[in-house]
Structures are given as C-alpha cells and as structure tokens.
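Asks: need a structure here:
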Amino acid sequence: MAEEKQREQANEDRKAVFKIPNTALLAIAFLVVCVTPVAFGDVPYLQWLYLFPIALAVFVIRTRTTATAKGLEVRTMFGRKDLPWTSLKGLAITDKAKVQAVLKDETKVALPAVRTRHLPVISLVSTGRMADPSGLTDDLAEAPEKRDDSGE
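Replies: Have a look, this model is predicted:
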C-alpha cells in the first residue's frame, strides 16, 4: 500500500516544461546593441525602437507549455489556458512538426514550443492518457508489471 501511494505521488509530481531556450535572449541582447546607434543617432525620438527587443524578451520568457499529471498549461505572451486531460480528444501534428491540442469540441489549441519529438515525454507525464505514437514509452509501461509478477 505504501509503495502504491509513493508511485501515485511520483506520478503527480511529474512535470515537463517546453519553452523557447534562454539562449534566444543572447540574440535579443545583440539586437539591443545593434539598435542603440540608431536610437541615439541624429534623428530624435527613435528610442521607441527599444520596444521591439523588449517585446521579444517578454515573448521568449513567457511563452511555454507545461505538462503535468492534471493536464496541459499553455502560456502565450498575453494569456494562459489550462487544458485538463479530460477535456482533450487528442493531439494533432501540423505540417511543420508543431503539435496542437484537439479539444472534445474539435477546437485546436497550439502548444508553443512542443514538437513531435516531445510526444513520448507528454505520454509519460500524462500517465498514459495521451498515447505515444512513436512507441518509445511502451517498454516503460510494461516494466512495472514485470516487477510485480516477479514476486519480490
């Protein structure tokens, strides 16, 4: 009994965060360096050009998809949406290997920073609610059953 509770707790604590790598902030810092001579050049009032790097930094820091045992949390630049596993019909893959969540009412929600290579991770975090089309997690799902049958 105690082992089952520990396994359930471990499954609830699983979390995967898919986001734009923080190294993208280096490119934004380079953009700031490139904008500075123009912003403070001979033409007055061009300091508003700094709004572009600031907006890009907010986009990189804020945009992410988090998968937990409860569902998916989708954060965009201006909003947040929680998608429990029970409200999802499945996942759809676009032409550019991006992943979308398909709700039961057939609406699609883009999952930022999630690609097809992340589907096995989503399958593990969802504890089997979302199937892994690649089959990479099939061995992991069978492993606990083999341990239980061994009699240890």
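
Asks: all strands for this structure, in order.
Replies: Secondary structure of the chain (DSSP state E): strands at 15-19, 64-68, 71-75, 80-84, 88-93, 98-103, 108-115.

Asks: quick one: strands adjacent to the last one?
Replies: Here the strand partners of strand 108-115, with direction, are listed using DSSP bridges: strand 98-103 (antiparallel).

Asks: Which positions in the partner strand come out as buried?
Replies: Residues of strand 98-103 classed as buried: 99-101 (neighbour count, 16 or more other Cβ atoms under 10 Å). To be clear about C-beta, it is placed using only N, CA and C from the backbone, and glycine gets the same treatment.

Asks: Out of the residues you listed, which is nearest to Val33?
Replies: Within the buried residues of strand 98-103, the smallest distance to Val33 is 34.6 Å, found for Val99 (Cβ to Cβ).

Asks: Have a look at the protein and report its longest helix.
Replies: If you go by DSSP state H, the chain has its longest helix at helix 24-39.

Asks: same for that one, what does it pack against?
Replies: Helix 24-39 is packed against helix 51-62, with contacts defined by 3 or more Cβ pairs under 8 Å, 6 or more residues apart in numbering; DSSP states H and E.

Asks: For the helix it packs on, which residues meet the burial criterion?
Replies: Buried, per 16+ other Cβ under 10 Å, within helix 51-62: 53, 56-57, 59-60, 62.

Asks: tell me what it is packed against?
Replies: If you count contacts as 3+ Cβ pairs under 8 Å, 6+ apart, helix 51-62 packs onto helix 24-39.

Asks: got the angle for the helix it packs on vs helix 51-62?
Replies: Counting by axes from the mean of the first three to the mean of the last three Cα atoms, to 10 degrees, helix 24-39 lies at 170 degrees to helix 51-62.

Asks: Check what contacts helix 24-39 and list those residues.
Replies: With contacts defined as Cβ atoms under 8 Å, 6 or more residues apart in numbering, helix 24-39 is touched by 46-47, 49-50, 52-53, 56-57, 60-61.

Asks: What are the buried residues along it?
Replies: Residues of helix 24-39 classed as buried: 28, 31-32, 35 (neighbour count, 16+ other Cβ under 10 Å).

Asks: With distance to Met130 as added columns, please give the residues you listed in JSON lines.
Replies: Below are these laid out as JSON lines (distance: Cβ to Cβ, whole Å):
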{"residue": "Ile28", "distance to Met130": "33"}
{"residue": "Leu31", "distance to Met130": "37"}
{"residue": "Val32", "distance to Met130": "40"}
{"residue": "Val35", "distance to Met130": "42"}
